[in-house]
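In: Here's a sequence, model it:
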Amino acid sequence: MSPPGRPKGEYRRPQAEGTPVSPLGPGGEGRRAQPEGIPAGAHGGSAEPAPERGDAPGSPAARLTIGLTGGIGSGKSTVAAALVDCGAVLVDTDAIAHALTAPGGAAMPAIEAAFGSEVVAAGGALDRDRMRQIAFGQPDARSRLEAILHPMIGAEAMRQAAAAGGRPVVFDVPLLAASSAWRARVARIVVVDCSEATQVQRVMQRSGWGEAQVHAVIAQQTPRAQRRAIADAVIHNDGLSFEALAAQVRTLWHAWARRR
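Out: Below you'll find the model as predicted:
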């Protein structure tokens, strides 16, 4: 449970509306170059469940629905895989966004109509580099793109969740802290957190990015404190081996499954 002395209301959920997925790639929390790994041979860390609350509005009472989020290099993808091993069905909104903007993706005709053929790469996918350039020069471009993508992402996420039947569902939503609509769809929220130094080390090791580039991406993501503020549980993933992290996830899973 939350440790003694934690300021009251630390886990209160903000009500600001926002965007669940960044479609613009690096610098937006909606992109992952590859699964976020955990350094081998590490140790330490902990998970902090907050006091139990009732099911969120719109969540099926008969099953557990979990929102999962975390910054780049936090190990969120590894936690998602561990939750699947526990029996959950994973709905990955980032993967949905990429499928919608892949060659032949359902969102591409509307995106091309809105922004022109210049945002369509040679293979037919969204040219994210060009889209970022347009968004930088046109303040409303990002909101226009999100107006196309977000209803499609939401509809496909709900379709996948419905197909899960009564099985528990984990919604991996990179920008969960910014979207009250998404938070209302889940009964519990788990945030994977670690120090910025750990984030930088992991991302540099896995991707070959320079330190300044990693810091620039982190600076554009939701602040750690804002993510933790919406959490029902925080997994502190500093210095955890894969086995220790998986054990933290199993402990949290069994605690939440019993409370349904």
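
In: Show me the shaky parts of the chain.
Out: Within the chain, the segments meeting pLDDT under 70 span 1-62, 260.

In: how about the strands of it, start to end?
Out: 46-49, 65-70, 89-92, 169-172, 188-193, 233-236 (DSSP state E).

In: Distance to Arg202 and mean neighbour count added to the ones you listed, as a markdown table?
Out: No exception for glycine: its C-beta is placed from N, CA and C like everyone else's. Shown next, in a markdown table, are the strands of the chain (distance: least, Cβ to Cβ, whole Å; neighbours: other Cβ atoms under 10 Å):
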| stretch | distance to Arg202 | mean neighbour count |
| --- | --- | --- |
| strand 46-49 | 18 | 19 |
| strand 65-70 | 12 | 26 |
| strand 89-92 | 20 | 20 |
| strand 169-172 | 18 | 26 |
| strand 188-193 | 12 | 27 |
| strand 233-236 | 15 | 23 |
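
In: Mind putting those strands into JSON lines with distance to Glu118?
Out: As requested, the strands of the chain are exported to JSON lines (distance: least, Cβ to Cβ, whole Å):
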{"stretch": "strand 46-49", "distance to Glu118": "46"}
{"stretch": "strand 65-70", "distance to Glu118": "32"}
{"stretch": "strand 89-92", "distance to Glu118": "29"}
{"stretch": "strand 169-172", "distance to Glu118": "31"}
{"stretch": "strand 188-193", "distance to Glu118": "37"}
{"stretch": "strand 233-236", "distance to Glu118": "42"}
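
In: Go through those and name the closest to Gly123.
Out: Ranking these by proximity to Gly123 (Cβ to Cβ) places strand 89-92 first, at 22.1 Å.

In: Pairing partners for Val190 in the sheet, please.
Out: With DSSP bridges as the criterion, Val190 is bridged to Leu68, Ala233.

In: how many other residues sit next to the residue nearest to Ala121 when sequence neighbours are not counted?
Out: Leaving aside its chain neighbours, Ala121 sits nearest to Asp127 (4.2 Å; criterion: Cβ to Cβ, 6 or more residues apart in numbering). If you count neighbours by other Cβ atoms under 10 Å, Asp127 ends up with 19.
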